[in-house]
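[1] pasting the structure only:
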């Protein structure tokens, strides 16, 4: 049984995941903690790692059950059939999401467009393209997984 990807209405990911869990369907909706700032305060909030996507692990005969949940739009399709995500990829996302140390990388002489091979962590030996390098964050595209990830850049230790 592969994992399938459900496309949801915007900002409905957590509600959809909770409703699917109550139906007895195995669901994975990775979340991250963010600090949002308004004009009068800062607040720590939980947001989905993948906007408008929820992963489900179910049998083929259960696939139509997800459409009874408000907020579910459709399955994500790839080459005319529902996109499947391997267990190893879900485990890698879980491990990466649970480990804060993995996203601390050092950038030396890299520029957007460079191809790199990740040498450590759950994405070890995955090839990535550098999309953007900012002052504190870098955006990597992982074509083999079909994902883009943001990583924090740590200061060089002298």
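    Received it, and whenever you're ready, just let me know what you need. None of the values given here were measured: they were computed from a predicted structure. Numbering: from 1, shown residues only.

[2] any idea of the mean pLDDT in the longest helix belonging to the chain?
    Counting residues, the longest helix found in the chain (DSSP state H) is helix 87-98. Averaging pLDDT along helix 87-98 gives 83.

[3] and it, what does it pack onto?
    If you count contacts as 3 or more Cβ pairs under 8 Å, 6 or more residues apart in numbering; DSSP states H and E, helix 87-98 packs onto strand 3-8, strand 26-28. Where you see a C-beta, it was placed from the backbone N, CA and C, and this is true even at glycine.

[4] how about those strands in CSV, adding mean pLDDT?
    Compiled in CSV, these are given as follows (pLDDT from 0 to 100):
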stretch, mean pLDDT
strand 3-8, 94
strand 26-28, 95
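
[5] low-confidence ranges, the chain, go.
    Low-confidence segments of the chain, defined by pLDDT under 70, span residues 99-110, 120-122, 145, 153-158.

[6] could you pull out the strands in it for me?
    Using DSSP state E, the strands assigned to the chain run over residues 3-8, 26-28, 31-37, 42-48, 53-57, 72-75, 77-78, 81-82, 84-85, 104-105, 115-117, 127-133, 137-142, 147-153.

[7] understood, closing this out.
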